[in-house]
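Asker: Predicted model and sequence follow; I will ask about them next.
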Amino acid sequence: MIPLTSSIPLPGLARQLVVQDLLDKESATQAVQKARAEKVSLVDWMIRSRLVSTKDVAYAASLEYGLSMVDLDQISIPPLIAALLSPEQMRKLNLIPLYQRGKNLMVGLADPTYLTNLDDVKFATGLIPEPVFVEFD
């Protein structure tokens with residue numbers, strides 16, 4: 001593992017993948033450049049290109065943004081919670097409701113690009129969204 005103090009001139013998630021030794025620096029740099037050129041998110045580009053696993057991306061994102069990571073295969077989403085957002089809303093917002101605790105709604109997202117959609121979740125549900133990272137697929 002590369003020390004956290006290492007100076008790697010890459011944006012957040014790409015840098016974290018390199019720091020955690022999940023991706024080499026050259027591949028990360030190329031991925032950033034290609035994602036920008038194609039005008040897609042870095043996560044989307046890396047997953048489509050099979051550059052890193054969906055689990056590695058979720059892990060690196062959770063470290064980079066200081067949020068938890070949830071394995072969707074290990075939880076059961078209650079139907080009432082799943083119904084809080086329509087399938088169309090989930091696709092548009094790129095997230096999935098996982099569970100509710102009081103007025104808080106835990107939502108899973110695979111791409112940190114979509115953290116900005118949390119206000120839309122609050123508006124649609126009346127609940128306070130709390131993001132966690134999940135695997136892209």
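Answerer: Great, that's in hand.

Asker: Look at stretch 65-72 and report the distance between its end residues.
Answerer: 19 Å (CA to CA, to the nearest Å).

Asker: how about stretch 112-122: buried residues?
Answerer: Within stretch 112-122, the residues that qualify as buried are P112, Y114, N117, L118, D120, V121, counting by 16 or more other CB atoms under 10 Å. Any C-beta I mention is one placed from the backbone N, CA and C, and that applies to glycine too.

Asker: Stretch 36-52 too?
Answerer: Of the residues in stretch 36-52, those scored as buried under the neighbour-count criterion (16+ other CB under 10 Å) are S41, L42, V43, D44, W45, M46, I47, L51, V52.

Asker: got the contact list for the last one?
Answerer: Contacts here follow CB atoms under 8 Å, 6 or more residues apart in numbering; on that basis V52 touches L17, L22, L23, M46.

Asker: Over to it: give its phi and psi.
Answerer: Comment: the main-chain dihedrals of V52 come out as phi -140, psi 160, following degrees, to the nearest 10.

Asker: Need the pLDDT of it.
Answerer: On pLDDT, V52 comes in at 95.

Asker: hang on, the earlier thing: next, give me the two most distant ones among the contacts of V52.
Answerer: The most widely separated members of those, counting by CB to CB, are L22 and M46 (10.3 Å).

Asker: Quick one: the strands in this protein, in order.
Answerer: 96-101, 104-109, 128-133 (DSSP state E).

Asker: longest helix of the protein?
Answerer: Of all the segments of type helix in the chain, defined by DSSP state H, the longest one is helix 25-38.

Asker: Helices of this structure, residue ranges please.
Answerer: 12-19, 25-38, 42-48, 54-65, 79-82, 87-93, 118-125.

Asker: So which of the ones you listed is the most surrounded?
Answerer: Among the helices of the chain, judged by mean count of other CB atoms under 10 Å, the one packed with the most neighbours on average is helix 12-19 (a mean of 22).

Asker: what does the average pLDDT come to for that helix?
Answerer: Averaged over helix 12-19, pLDDT sits at 94.

Asker: just stretch 91-102 next, same as before
Answerer: Averaged across stretch 91-102, the pLDDT comes to 94.
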